[in-house]
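Peer 1: Give me a model of this one.
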Amino acid sequence: YTHNPPLPYLICGALEKLIGFKHLWVWRLVPISAGLLATLWAFLTLRWVVDPLAAAVVILFLSVVPMATSHLHGLHFEGYAYAAFLAELALITRILFSGLRTSLVSYGIVFALGLLQGFLSFEYVFVVTGAAIPLALLARENGRRVEVRLVARLVVLAGAGFATAHLLHFWQVAHFYGSASAALNDLSSRAV
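Peer 2: Numbers count the residues shown, from 1 in each chain. Sure thing, here's the model as predicted:
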C-alpha cells in the first residue's frame with residue numbers, strides 16, 4: 001500500500017471482512033452501484049440545465065468511455081474514481097448554473113470529493129482539480145454570470161482536497177518506514 005493511495009485497499013479489506021472471497025461478484029456491486037447512482041445524479045442535473053435529449057446524449061457519451069465500460073465494475077479504484085468524478089461534475093454544474101449563492105456545505109463537498117479522489121488514485125489530479133473550468137465556460141456560453149472567484153474557489157478546494165489526501169498518504173508511508181526520507185526514497189523509486 002505504500003505505492004498507491006490507501007482507500008481502494010481499505011474498501012477491499014472491508015468487503016473481505018463482510019463478504020469473504022467466495023462471492024467476488026458481490027464486491028463488484030459496490031462500485032457499479034456507486035457509478036450508476038452518480039450517473040443518474042449527473043443525468044438529472046444535466047436535464048435541469050439543458051433539454052432531456054441533450055442530457056441523455058451527454059450521459060451516453062460519459063457511459064461509453066473506458067472508465068465506465070472497462071472499469072466501473074473493477075475492484076480497484078477506477079470505478080469509485082469515475083463515480084466520484086461524475087458526482088463532482090453534477091455538484092459543480094449545479095453550483096455554476098443555479099446562480100444562487102454557494103453554501104459552505106457545497107464548498108465542503110467539493111473539497112471532500114477532491115479528498116476522496118486523492119485517496120483513490122494519483123492519476124486524475126488535473127481532471128478533478130480543473131473540472132470547474134470547462135463547466136464555467138459552458139455556463140457563461142449559456143448566459144450564466146459566473147464569477148472568476150467562484151471558479152477559482154472550486155478549483156482550489158478540489159485541488160486542496162486532492163493534495164491533502166496525498167499528504168496524508170505520504171505521512172502514512174513515512175510512518176510505515178519510520179522516516180520521511182525513507183518514504184521519499186520509496187515513492188521516488190516507484191515514480192522512476
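Peer 1: least trustworthy helix or strand in the chain by mean pLDDT?
Peer 2: The least trusted helix or strand in the chain, going by mean pLDDT, DSSP states H and E, turns out to be helix 66-69, with a mean of 72.
Peer 1: In terms of secondary structure, what does the helix or strand containing residue 35 contact?
Peer 2: Per DSSP states H and E, residue 35 falls inside helix 24-49. In terms of contacts (3 or more CB pairs under 8 Å, 6 or more residues apart in numbering; DSSP states H and E), helix 24-49 is packed against helix 7-19, helix 52-63, helix 78-98. C-beta coordinates here come from the backbone N, C-alpha and C atoms, glycine included.
Peer 1: Direction-wise, compare the second one with helix 24-49 and give the angle.
Peer 2: This points to helix 52-63. With axes from the mean of the first three to the mean of the last three CA atoms, to 10 degrees applied, the angle from helix 52-63 to helix 24-49 works out at 150 degrees.
Peer 1: what does helix 52-63 contact?
Peer 2: 39, 42-43, 46-47, 49-50, 68-69, 86 (CB atoms under 8 Å, 6 or more residues apart in numbering).
Peer 1: Same question for stretch 22-38.
Peer 2: 11-12, 15, 19, 68, 72-75, 78-80, 82-84, 86-87, 90.
Peer 1: Enumerate the positions of that stretch that are buried.
Peer 2: 27-28, 30-31, 34-36, 38 (16 or more other CB atoms under 10 Å).
Peer 1: can these go into TSV with extra columns for pLDDT and distance to residue 96?
Peer 2: Output for the buried residues of stretch 22-38, formatted as TSV (pLDDT from 0 to 100; distance: CB to CB, whole Å):
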residue	pLDDT	distance to residue 96
27	82	35
28	83	33
30	85	30
31	85	27
34	88	24
35	87	23
36	90	24
38	92	18
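Peer 1: if we can go back for a sec, now tell me what touches the least confident helix or strand of the chain from outside.
Peer 2: Contacts of helix 66-69 (CB under 8 Å, 6+ apart): 35, 39, 62-63, 78, 81-82, 85.
Peer 1: do stretch 117-135 as well
Peer 2: Contacts for stretch 117-135 (CB under 8 Å, 6+ apart): 4-8, 77-78, 80-81, 84-85, 88-89, 92-93, 96, 113-114, 151, 154-155, 158-159, 161-166, 168-169.
Peer 1: from those residues, which would you call buried?
Peer 2: 5-8, 77-78, 80-81, 84-85, 88-89, 92-93, 96, 113-114, 151, 154-155, 158-159, 161-163, 165-166, 169.
Peer 1: So residue 146 sits against residue 153, correct?
Peer 2: No: the criterion here is CB atoms under 8 Å, and residue 146 misses it with residue 153 at 11.6 Å.
Peer 1: Look at the two and report which has more neighbours.
Peer 2: residue 146 (19 against 16; other CB atoms under 10 Å).
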